[in-house]
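In: Structure, please.
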Amino acid sequence: MKTVEEIKAAIEAAVPGAGVEIVSNPGPSAQHSLLIAPESAVAVATFLRDHAELALDFLSNVTGVDWPDKEIAEKVKVTRTVTKTVEGVEQSAEETVEETRKRVEPGYLEVVYHFYSMAKKHGPVVLRMRTANRTDKVQLPSMTPVWRSAEFQEREVFDLFGVEFTGHPDLRRILMWDGFKDHPMRRDYVEPDDYDYEPTAHDEVLKKAQAHQAALAGQKGAGE
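Out: This next block holds a predicted model:
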């Protein structure tokens, strides 16, 4: 099979402006992946499926990753003008000092696809797509028009992570019920403490449910 560098070059030749980047895997598997721009994702997917040598005709796995906002501290050198008094005379001079500055790197949601070729007996080729953020810009194109096996797996990523797949034929929750709020696989997800959906609460779940009911009873009593 072609190397990840060769696949990247082939994509760029076939899909102008594809915006492909190699994401290196430093682990023992060295299973490097390709990050693709959402606007060219369907064209790239079609190329990979139909390419005579690659023939990636099987989508085996779709999963999501939540990358929250990250605070980064950086040391920078700053030159500033200071005033010093030397023998009773004020003098201005420049000095360079090192300061620590913090910035926030916006988070995003990532979807990872693993492709194989049943015809050529090789793989996987790993593709990634990233949303613009984790709040109001969480749309990515669906791979279902190219690989039908993406349908249920993208629904799972939608359900658990909140990625909205445009072009998906039936995008709705698959594990949680329709009225469920939030997305349980997000890193900032907070579990409810009432557990109304747990018919046989026990152990820690039972303790949380009892505490929740006691708090509700207290609130009700205070309001009467």
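
In: Would you map out the domains in this protein?
Out: Using automatic domain parsing, the domains assigned to the chain come out as 4-66+108-166, 70-104, 191-224.

In: chain center to the lengthiest helix in the chain: distance?
Out: Assignment by DSSP state H gives helix 203-223 as the longest helix of the chain. How far helix 203-223 lies from its chain's middle: 35 Å, per Cα atoms, centre = their mean, to the nearest Å.

In: average pLDDT for that helix?
Out: Mean pLDDT, computed over helix 203-223, is 76.

In: Can I get the lowest-mean-pLDDT helix or strand in the chain as CSV, trimmed to CA atoms?
Out: Within the chain, confidence by mean pLDDT, DSSP states H and E is lowest for helix 203-223 among all helices and strands, at a mean of 76. The C-alpha trace of helix 203-223 is given here as CSV (Å, rounded to 0.1, in the frame of the first residue of the first chain):
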residue,chain,number,x,y,z
ASP,A,203,-24.9,1.5,45.2
GLU,A,204,-23.5,4.9,44.2
VAL,A,205,-26.4,5.5,41.8
LEU,A,206,-28.9,4.9,44.6
LYS,A,207,-27.0,7.3,47.0
LYS,A,208,-27.1,10.1,44.4
ALA,A,209,-30.8,9.5,43.7
GLN,A,210,-31.6,9.6,47.4
ALA,A,211,-29.6,12.8,47.9
HIS,A,212,-31.3,14.4,44.9
GLN,A,213,-34.8,13.5,46.3
ALA,A,214,-33.8,14.9,49.7
ALA,A,215,-32.7,18.1,48.1
LEU,A,216,-35.9,18.4,46.2
ALA,A,217,-37.9,17.8,49.4
GLY,A,218,-35.9,20.5,51.2
GLN,A,219,-36.6,23.0,48.4
LYS,A,220,-40.3,22.1,48.5
GLY,A,221,-40.5,22.6,52.2
ALA,A,222,-38.7,25.9,52.1
GLY,A,223,-41.1,27.2,49.5
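
In: Phi first, then psi, for V125.
Out: With angles defined as degrees, to the nearest 10, V125 sits at phi -110, psi 130.

In: Now do the contacts for it.
Out: By Cβ atoms under 8 Å, 6 or more residues apart in numbering, the contact list for V125 reads 1, 4, 7, 34, 48, 54, 56, 114-116. In this view, the C-beta of every residue, glycine as well, is placed from N, C-alpha and C.

In: Over to K102?
Out: 71-74.

In: quick one: it is in a strand?
Out: Yes - the assignment for K102 (DSSP: H, G, I helix; E, B strand; the rest coil) places it in a strand.

In: gap between it and D66?
Out: Plainly put, K102 is 22 Å away from D66 if you go by Cβ to Cβ, to the nearest Å.
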